[in-house]
Each structure stands twice: as C-alpha cells, then as structure tokens.
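Colleague: Got a predicted structure here, sequence first:
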Number of protein chains: 2
Amino acid sequence: MPSKVEADKERGWIVPVGGAEDKEGRAEILRRFVQLAGGSGARIAIIPTASQLESTGRRYEGIFGDLGARSAQALAYREREDADRTDWLAQLEDATGIFLTGGNQLRISTVLGGTVVAKTIRRMNARGVPVGGTSAGAAILSEHMIAYGSEGSTPRAGMATLAPGFGLTNRVVIDQHFRQRDRLGRLLTALAYNPFAVGLGLDEDTAAFIDPDDTVHVLGAGAITVVDPSSLEHSSIAAAELGEPVCMTGVRVHVLPAGGTFNLHTKKAGPPAGSERS
Amino acid sequence: MPSKVEADKERGWIVPVGGAEDKEGRAEILRRFVQLAGGSGARIAIIPTASQLESTGRRYEGIFGDLGARSAQALAYREREDADRTDWLAQLEDATGIFLTGGNQLRISTVLGGTVVAKTIRRMNARGVPVGGTSAGAAILSEHMIAYGSEGSTPRAGMATLAPGFGLTNRVVIDQHFRQRDRLGRLLTALAYNPFAVGLGLDEDTAAFIDPDDTVHVLGAGAITVVDPSSLEHSSIAAAELGEPVCMTGVRVHVLPAGGTFNLHTKKAGPPAGSERS
C-alpha cells in the first residue's frame, strides 16, 4: 500500500511511460523526468531489474547524463540477496529521482517484492521523490499490476492476471504498449474484477505524469486511454466462464493526447489547452 | 488500501473463515464472532452478495440470532445500483459487526467494488468494528484476493488469478477450503508473483482471528497453513511459461491448529498453549 505522506510533505510525481519512448530525438518524456528530479542537480537511480540485457542500465545512465542530470547510476539488482547490498541502498536513498526500465514486470516483483528496496522506493516517493518507469517499469508502479494477458479489444473472463506491484498508488491500473498491442480487452477485464480503480492505457512513447494531487498530465507522441468504471452499471464477470466475453455497461472512456489531463479524484477529463473551438 | 486508523482507535478484528463452518453444533467460530461484535449487544450486518441463493441472508440472520446477537440483518445487495439505498447504508453504519457469506468472491467485488458500501466497511473496520467472512467472504477481505485458480500442490505460472478485494489488510493473501481442495499450489503461485504478503490457507470450519495488532489466532476444527515467503531466496515465475511449474526456494511454512498464533509483523509462529513438551 502507499506509504503515509507526512503532513508537511507532498507525495512525489509518479510517471508511468508506455514503452519505446524517444531516447535520441527530443526525448521530451525523459527530459521532463530529469527536470522533475532536479534538472542539473538531479541524481537519478536506475533500476534495470526487469531487463535481461546487461547493457540496459548503462544505456539509461548515458541517456540521463546527456539530458543534463548531475548523476545517473544503475543499481543492477538481479537476485533477492542483492537487496542486502548496503552500498546500493545508500545510492538509492541519495537519489532525487528513481527510474525503472522495461523488460518483464514479474522480474521486478519477484526480485524486489517485500525487500527493503521496494519499501525504500515507496517511502521516498511518499516524501516527494519522483518515481518513473517504462513498460514493465510502468506496470510495477501501482498496487495492482497486470502480470499476464492476451490481446484483443473484448474483455473476457480471466483474460488479465493481476499481481501485486510496488503500490505507489492504488488509484490506477496501468497498461502499456496499449494501441500497439491491442490491449483494451485486458485492461477492461482487469477493471471488471473490481471497478474501484481507473485504467490508464498508455501508448508507446507516451507518459502519464501523475502529480502530487493525483491529476494525470499526458506527454508524448501518442495518447492515453483512460478507462473509468466508477459509473459502471453492471459487470457479468462473476457469472462468465473462463474465456467467455464479459458484459460491462456504463464504462466511461477518454482518449487523451499530449496536454490532456485527468483528475483521479473528481474523475474529470480536460482537453489540451487550445483544443476547444470557440 | 486499508483506511487510516485514527490515533485513539484500534483497528477492528478481521476474521476470514475457510468455509463450511459449523452452524448448528457448538458453532465456536460464529459464536466468537458474535462475542467480538458485542455479545448480547451485537448488531450484525450480513452481506449475502456472494451467494446466488435467496435464503443465505435469512439463514445467517437466524444463526446469529440463535447465538445471542441483539440483531442480525441481511443487506441483500444484488446490483451496483443497490449501493445507493440509504436505508441499508444506515443499517450498515449502525452495525457492531459485519459478516460476508460464501458464494463467489467476484460477485462481491463486481457489485460492491468502488461503491460507498465498500468504503464504509473499510472505514468501520479502521474504527474498530470487526469484519468477518466465510469462503468467498473471507477471500474478499484482503487487498489482493484469489479470484480463480486450479487445484494441486505444485505452483505453476498463471495458476492463480488475483483481483483487488476490499483491502482491509494487505499483509495476507487468503485461500479457503484449503486442504479440502488441494490449494497449496495456487496459494504459492499467488505469493510467487510478489513475495511481500503472507499466505493464509484456511481449512474448512477453521478461522483466522486477526487481532488489531496483526496477530493471527487460529480457531476451529482444522488448521491454517501459513506460507511465509519473506525469506524467499529465489522464484522462477518471471521466467516460466504459463502452466510451467515454478521453482521457489526458502519459503517457510507453518501448519497451525486451534490455539496456534502467527504475528504478521515479526513473522513468528506460536504453538497452541500446552502443546510444548517439557
């Protein structure tokens, strides 16, 4: 669950990215993340645990360095015993921003779940440190993450398998590579189980910058599909056999490109400034 | 997520029951629940939403009445719009104990998830009101609940499907009818995704009375299998294909009959009083 935010502190930004974000062009998503982490004073801790590639951590060290961060250090947690390394923990605690790379979200949860590293990330975010991640690194940020699922736009019983994530917020369930992998069905399925959270379907090269007051700000080349089940009238998932299509009525959907906003408390969507015709 | 406990209040007891509890004999589990709810002053709200049988609510009204509760009232939430009934909400808020019947846990989450009823139950528990449930009504109590799963003692990737529950606690994942339905594998799978919680496998006619300080007290005819992954050394679930057996090393297991205890903070198990030989 989210750590308690101290009375005089704001929670840090939470920044899930839909994967395949631009790294060598304008890199506006990663650039904005560096700004939130302190710009030229930023010290970024990179967690490359989701990835099987040795080079992933070093690659992001170079990218964040090029974008002007003061330091960027990969902490290559690979096995659960790595969580005991006090030198890495000290570097993590010294960071002004934490970024989790892509790969497989179950690698992050199985290697770091329940360890002091996961607790430290939660506590630092509650104290104001921004935490972001791309693809698998985005999925892990919320309390309920999608661990497996199949493609297609129709929700079907059992189509999405949820697992516990890091729990920086439980207001959203995140899905990534959203339009590219046709994932509306699995996100709807994930929400149908218990319609208390809001679904954020993130296209590639697109990010949800969730501010300390829980308003989502969209940045990047694609769009975010916000799936709001708070006015759901009926869901048939309890009666459906595994694999059967699920009936859901009353779901609200917003497709928000860069500049769009969504308030996770009021459930109100805002279009990009200047997009309304007069 | 669990509601914040006010500084001068203790959280209420959380009482998951493994299903098929004795109702007409000594009924020691339901009897103890009535005591926690105030004994002869107890006003118990029954939520029969998991069940498809019209008679389930009335049956528990009779049982709790026979056990000496002052009142026992079923609130038969069947569709999401029922959550708007102010008369039922007033009865719920007046209760000194809340009990959820068995059936299908996805009916509870789809009908009540995200509604004022779920929020009220969380808030009342945080203020000291005991909340219990049997079978499906036990599964729904925690933040992460098992929605589907298959039988067998070996964990396999994807064998358990988690969904968000009511979130009274996120320290445990609950499974019910445990020995009767050979569910060790699915509970291990649920914990393998992210080994931060403790698994409670509840046999039928057996309950975990979780006190305000998060110590589990076992009551009933069977045992509770406590699965503690906090010292997990390795889990292969991230690398396993769906359906493949999962390697887990370093899991601690305790089988606790009536009188046994387990502290969810220290992760220490205690045998029933008098069972140690001198």
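Modeller: Perfect, thanks for sending it.

Colleague: from here on, contacts and neighbour counts on C-alpha atoms
Modeller: Will do.

Colleague: hey, where'd the helices end up in the stretch 1-150 of chain A?
Modeller: For the stretch 1-150 of chain A, the helices defined by DSSP state H, counting those that start in this stretch cover A:28-36, A:55-66, A:86-93, A:105-112, A:116-126, A:136-139.

Colleague: helices or strands next to the last one in the packing?
Modeller: So the one you mean is helix A:136-139. Judged by 3 or more C-alpha pairs under 8 Å, 6 or more residues apart in numbering or on different chains; DSSP states H and E, helix A:136-139 is in contact with strand A:14-17, strand A:97-100, helix A:105-112, strand A:172-175.

Colleague: Among the helices of the stretch 1-150 of chain A, which comes closest to B:Leu187?
Modeller: Distance to B:Leu187, taken as C-alpha to C-alpha, is lowest for helix A:105-112 among those, at 15.1 Å.

Colleague: contacts for that closest one?
Modeller: Helix A:105-112 has contacts (C-alpha atoms under 8 Å, 6 or more residues apart in numbering or on different chains) with A:49-51, A:77-80, A:83, A:118, A:136-137, A:139-140, A:147, A:164-166, B:192-195, B:234-235, B:237-239.

Colleague: tell me which parts of the stretch 51-200 of chain A are close to chain B?
Modeller: Within the stretch 51-200 of chain A, the positions near chain B by C-alpha under 8 Å from any C-alpha of the partner chain are A:79-81, A:104-107, A:109-111, A:113-115, A:144, A:148, A:158, A:161-165, A:170, A:190, A:192-197.

Colleague: Now restrict these to buried residues only.
Modeller: A:79-80, A:104-107, A:109-111, A:113-115, A:144, A:148, A:158, A:161-165, A:170, A:190, A:192-197 (16 or more other C-alpha atoms under 10 Å in any protein chain shown).

Colleague: check contacts around the residue of the stretch 151-278 of chain A found nearest chain B.
Modeller: Nearest residue of the stretch 151-278 of chain A to chain B: A:Phe196, at 3.8 Å (C-alpha to the nearest C-alpha). By C-alpha under 8 Å, 6+ apart, the contact list for A:Phe196 reads A:171, A:229-230, B:113-115.

Colleague: could you redo the last one with a cut-off of 10 Å?
Modeller: A:170-173, A:228-232, B:109-110, B:112-115, B:118, B:164-166 (C-alpha atoms under 10 Å, 6 or more residues apart in numbering or on different chains).

Colleague: In contact with the residue of the stretch 1-150 of chain A found nearest chain B, which residues are there?
Modeller: Closest approach of the stretch 1-150 of chain A to chain B (C-alpha to the nearest C-alpha) occurs at A:Gly114, with a separation of 3.8 Å. Taking C-alpha under 10 Å, 6+ apart as the criterion, A:Gly114 is in contact with A:80, A:166, B:194-197, B:229-232.

Colleague: Hmm, A:Val15 is touching A:Ser135, no?
Modeller: No - the pair A:Val15 / A:Ser135 is not scored as a contact, 11.1 Å apart, by C-alpha atoms under 10 Å.

Colleague: Neighbour count for the two, which is higher?
Modeller: A:Ser135 (28 against 25; other C-alpha atoms under 10 Å in any protein chain shown).

Colleague: Got the phi and psi for that one?
Modeller: Here is the backbone geometry of A:Ser135 (degrees, to the nearest 10): phi 60, psi -120.

Colleague: Who does A:Leu219 form a beta bridge with?
Modeller: Bridge pairing for A:Leu219 (DSSP bridges) gives the partners A:Ala207.

Colleague: and it, what does it touch?
Modeller: Going by C-alpha under 10 Å, 6+ apart, the list of residues near A:Leu219 reads A:17, A:28-29, A:32, A:205-209, A:256-261.

Colleague: Many thanks, we can stop here.
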